[in-house]
Structure formats: structure tokens, C-alpha cells
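> Pasted the sequence and its predicted model underneath.
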Amino acid sequence: MSDLSHIASRYPRHVTLSGGRAAELRLMTPADAAAVLAFAGTLPPEEVMYLAVNFTEPAVVRHWLETIKSGRAMTVLARIGDEVVGEGTLLHNVTTWTRHLGEIRIQVAPAARRDGLGRVLADELEAIAKGLGLQMLTARMILDQVAAQSVFKRLGFQREAVLWDYAMTPDGETRTVVVATKILEDETRG
């Protein structure tokens, strides 16, 4: 595992999105709780229903921050001005038999879509994963989320599994989950 200070030294940094807008990327801290809740409020209800973690609730954001503090997650926030317009989270656990894996989650506000922000966040998470010495990334999404599956396919992920009735919506309906993976290239090998 690499020293986390090397990863943190990448931030904050500025990127120009494909639409020409500038965004700032930085690691999430407790000071971002209110901005993250405001960002969650920009997501359409049908997307909130599919969040693995419903971060529209303050208690969930507090738990998320504890997960970051414990080292089991790293979250990169994208800001345009004072607003959070996207987040990418890498989840990993160094004490389990899947310690070589990381799971990524990405959310982008509707007003910031189609400018390549999802791709920028995915690239950031991949760089972090490589910095941590991870060998594979996983992503989970609902089978009905065809656009999300298309995005992950363009990012180099391939479908590995379909888990029937694996997720449950707040109203108690089950949904089928797709698991996709991406092998991370080891740049130190020939």
C-alpha cells in the first residue's frame, strides 16, 4: 500500500470539462457535509431510489465521513463555484480477503452532465486505486440503469454478474443488480 499523503497531495486541483467549464477536485472532509447534502438534493428522485447509500439524509453523510476517516473510503468532490456538482467514491478494506479490490460509486448533478465530469471522476478514482496498490475495480448498478452501464462499459468495465432481486427500493420492490469489473494495469510491469 502506498502512503496516503501522496494521494492527498494531488488535491485540490483544477480541471477543465469538455464544455469549457472549470471545476475544482478535492477530497471530501467534514466541512463538506452541508454541500454534499445540497448536492444530493439536486438528484432526481428516481436516481436517489437507486443510491447504494442514500446520502440525502444527514445521518448517512455523517456515517460516510466516518468511513472516510477510518480509511475504508476516499471521496473526490467536484465543485463548480461553491456547489458540489459531482462525487466519486472509492471503497476498499485492507483487512479482508478482497483487499486487492475497490468499489467505485459516481454521482453527477443533472446540471453538470454531458461535460465529461463522470469520466474525470472515474479517472481520479482509478488513479487513487492504483496509488493504493489495488488490482481491480468493481461497480454495481441496477439492471434498469442502461445509461450507467453504457458509461462504465466506455470506461473499460465489463459485466461480470447479474444478481436477481438483489436490491430493494424504499417502497419494498426488488431490483436486479449488475456487477461490472475493471482490471487495473500495473504500470510497473513490462
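That came through, no problem.
> hey, let's count contacts and neighbours off CA atoms from now on
OK.
> Give me the phi and psi angles of residue 29.
With angles defined as degrees, to the nearest 10, residue 29 sits at phi -130, psi 170.
> Does the residue lying closest to it once chain neighbours are set aside fall in a helix, a strand, or a coil region?
The shortest distance from residue 29 to any residue that is not its chain neighbour, by Cα to Cα, 6 or more residues apart in numbering, is 7.1 Å, and that residue is residue 65. On the three-state scheme (DSSP: H, G, I helix; E, B strand; the rest coil), residue 65 is labelled helix.
> what's the burial count for residue 65?
When neighbours are defined as other Cα atoms under 10 Å, residue 65 has 21 of them.
> what's the pLDDT at it?
In this prediction, residue 65 carries a pLDDT score of 96.
> what's the lengthiest helix in the chain packed up against?
Counting residues, the longest helix found in the chain (DSSP state H) is helix 117-131. The helices and strands touching helix 117-131, judged by 3 or more Cα pairs under 8 Å, 6 or more residues apart in numbering; DSSP states H and E, are strand 73-80, strand 83-91, strand 101-108.
> Buried residues in it, which are they?
Neighbour-count burial for helix 117-131, with 16 or more other Cα atoms under 10 Å as criterion, is recorded at 117, 118, 119, 120, 121, 122, 124, 125, 126, 128, 129, 130.
> Quick check: chain neighbours aside, which residue is closest to residue 100?
residue 134 (4.7 Å).
> Does residue 57 touch residue 38 like I think?
No: using Cα atoms under 8 Å, residue 57 and residue 38 do not qualify as a contacting pair, with a distance of 10.4 Å.
> which one of the two has more residues nearby?
Neighbour tally, residue 57 and residue 38, criterion other Cα under 10 Å: the higher count belongs to residue 38, 16 against 12.
> Next up, the contacts around the more buried one.
For residue 38, the set of contacting residues under the criterion of Cα atoms under 8 Å, 6 or more residues apart in numbering consists of residue 84.
> Are we agreed that it is in a helix?
Yes: when the secondary structure is assigned by three-state DSSP, residue 38 falls within a helix.
> Offset the numbering so it begins at 109, please.
Will do, 109 is the new start, and the previous item becomes residue 146.
> Now mean neighbour count, mean pLDDT and distance to residue 134 too, for the helices and strands packed on helix 225-239, in a markdown table please.
What follows is the helices and strands packed on helix 225-239, written out as a markdown table (neighbours: other Cα atoms under 10 Å; pLDDT from 0 to 100; distance: least, Cα to Cα, whole Å):
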| stretch | mean neighbour count | mean pLDDT | distance to residue 134 |
| --- | --- | --- | --- |
| strand 181-188 | 23 | 96 | 5 |
| strand 191-199 | 23 | 96 | 10 |
| strand 209-216 | 22 | 94 | 14 |
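> Relative to residue 151, which of the ones you listed is closest?
Distances from residue 151 to each of those were compared using Cα to Cα; the shortest belongs to strand 209-216, at 8.1 Å.
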